[in-house]
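1. Next input, structure requested:
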Amino acid sequence: LATPPRARRSEFGCAMATNEGSLIAVIGDEDTVTGFLLAGVGNVDTRRNTNFLVVDAKTTKKAIEDAFKDFTSREDIAVVLITQTVADTIRYLVDAHVVPVPAVLEVPSKDAPYDATKDSILSRVQHLLGVQD
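-> Numbering: from 1, shown residues only. Predicted coordinates:
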């Protein structure tokens, strides 16, 4: 088995994922996570660590926080997809994540429409471009 790639540092000191072997992590409701797993995103390593978390009514806020912190600190994950409704429960963590890798992207779920005003990345882009609401 090949060893997972290590993140390297850019000239600015930011973590950069290597192209080979980088994963996408998913945090969201069962339907959203299942869809991404069926598309081939799922991964379980030799230590039984996964790159996804299914959030339901029984999932605690701490479990969501722990998964988000784990996924954003893992060197083998380049993108974290999180449904906007789940991101709202840990908004302070999502907004505090400012490093480019892994990129944290909010996606809609089937139960709630996408609200662009809550998307932290879209807000940053609008701020950089000087776009006002």
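2. for the most centrally placed residue in the chain, phi and psi?
-> Nearest to the geometric centre of the chain sits residue 80, at 1.8 Å (Cα atoms, centre = their mean). The phi and psi values for residue 80, taken as degrees, to the nearest 10, are phi -120, psi 120.
3. Run through the bridge partners of it.
-> According to DSSP bridges, the residues that bridge with residue 80 are residue 25, residue 104.
4. which ones are touching the residue lying closest to residue 121 once chain neighbours are set aside?
-> Counting by Cβ to Cβ, 6 or more residues apart in numbering, residue 121 lies nearest to residue 105, which is 6.7 Å off, once chain neighbours are set aside. To be clear about C-beta, it is placed using only N, CA and C from the backbone, and glycine gets the same treatment. Going by Cβ atoms under 8 Å, 6 or more residues apart in numbering, residue 105 touches 79-82, 121.
5. Apply 10 Å and report the result again.
-> 24, 79-82, 87, 119-121 (Cβ atoms under 10 Å, 6 or more residues apart in numbering).
6. Show the buried residues in those residues.
-> 24, 79-82, 87, 119-120 (16 or more other Cβ atoms under 10 Å).
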